[in-house]
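*Asks:* Here is my input; please provide its structure:
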Amino acid sequence: MRDFFQEFILNQFVVSVALMIVLGFLTRWALIVKKEYIGYGLGWLVSLLLLITYTIMFGDRPRFDPFADLNIFQIFLSIFLGLATGAAIQYSKDMGKDIQGHYSKRSVALRVAAYTMLNLILLGLVIVESSVVQRMIGIFGLAFGIAILLGMVWELVDDEQPKQGFPPQQGNIPPQSSSQAANRYDTRRNIKNRDRR
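*Replies:* From the prediction side, this is the model:
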């Protein structure tokens, strides 16, 4: 079972295809839904710059054994970094809201750039790095997805909570229901009609 997860689910082809599918959904969301061309382009440029710098600086170093297993430190480091990155992105998303709960144009552009950059860097590392790093990126991606989905579920739970408190009132007048107001109006009308007789 351990070999199945390491050799099949976390291999280069599966992780690359998963990241390319995510990139496809991300591209559709950024360009068609949000129409955020500048943030999407910024994500591409930053990721290309970082990947080129990485390959120039570390491209010639010796690779790890391609059949080496992940040790416990590499597994927990990948999980921790994935959860922390997902939580940070969810937290920063909430920071970009204005008073009415709408996202500013700048925060949407920066989110698009961050998502694009992260996805492309992970895809580039899967292509150029050894199988150990590929497996770590696969675990990182799973933990990152869990953190993002947990944040979405948390937002749904907050939206379904009933609003606490009462509507603003004028002065010290106690709130009245519509039936009480209607009864009071009918009583006044009956008194006026009786006085006219």
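
*Asks:* Give me the buried positions along the longest helix seen in the chain.
*Replies:* What stands out as the longest helix in the chain, according to DSSP state H, is helix 131-160. Residues 131-144, 147-148, 151 are the ones in helix 131-160 that count as buried (16 or more other C-beta atoms under 10 Å). Just so you know, the C-beta spots here come from the backbone N, C-alpha and C atoms, and that holds for glycine as well.

*Asks:* just the strands in this structure please.
*Replies:* With DSSP state E, there are no strands along the chain.

*Asks:* just for it, where's the confidence low?
*Replies:* 1-8, 60-68, 94-102, 157-197 (pLDDT under 70).

*Asks:* Let me see the ranges of the helices in it.
*Replies:* For the chain, the helices defined by DSSP H occupy 2-4, 12-28, 37-58, 72-95, 105-128, 131-160, 178-196.

*Asks:* out of those, deepest packed?
*Replies:* Mean neighbour counts were compared across the helices of the chain using mean count of other C-beta atoms under 10 Å; the top stretch is helix 105-128, at a mean of 19.

*Asks:* got the angle for that one vs helix 12-28?
*Replies:* Orientation check (axes from the mean of the first three to the mean of the last three C-alpha atoms, to 10 degrees): helix 105-128 against helix 12-28 gives 160 degrees.

*Asks:* Can you name every helix or strand that helix 105-128 contacts?
*Replies:* Packing partners of helix 105-128 (3 or more C-beta pairs under 8 Å, 6 or more residues apart in numbering; DSSP states H and E): helix 12-28, helix 37-58, helix 72-95, helix 131-160.

*Asks:* Pull the residues that contact that helix.
*Replies:* For helix 105-128, the external contacting residues (C-beta atoms under 8 Å, 6 or more residues apart in numbering) are 12, 15-16, 19-20, 22-23, 26, 29-30, 34, 36, 38-40, 42-44, 46-48, 50-51, 54-55, 59, 85, 89, 92-93, 95-97, 133-134, 137, 140-141.

*Asks:* close enough to count as contact, Ala87 and Gly151?
*Replies:* Yes. Between Ala87 and Gly151 there is a contact under C-beta atoms under 8 Å: 7.3 Å.
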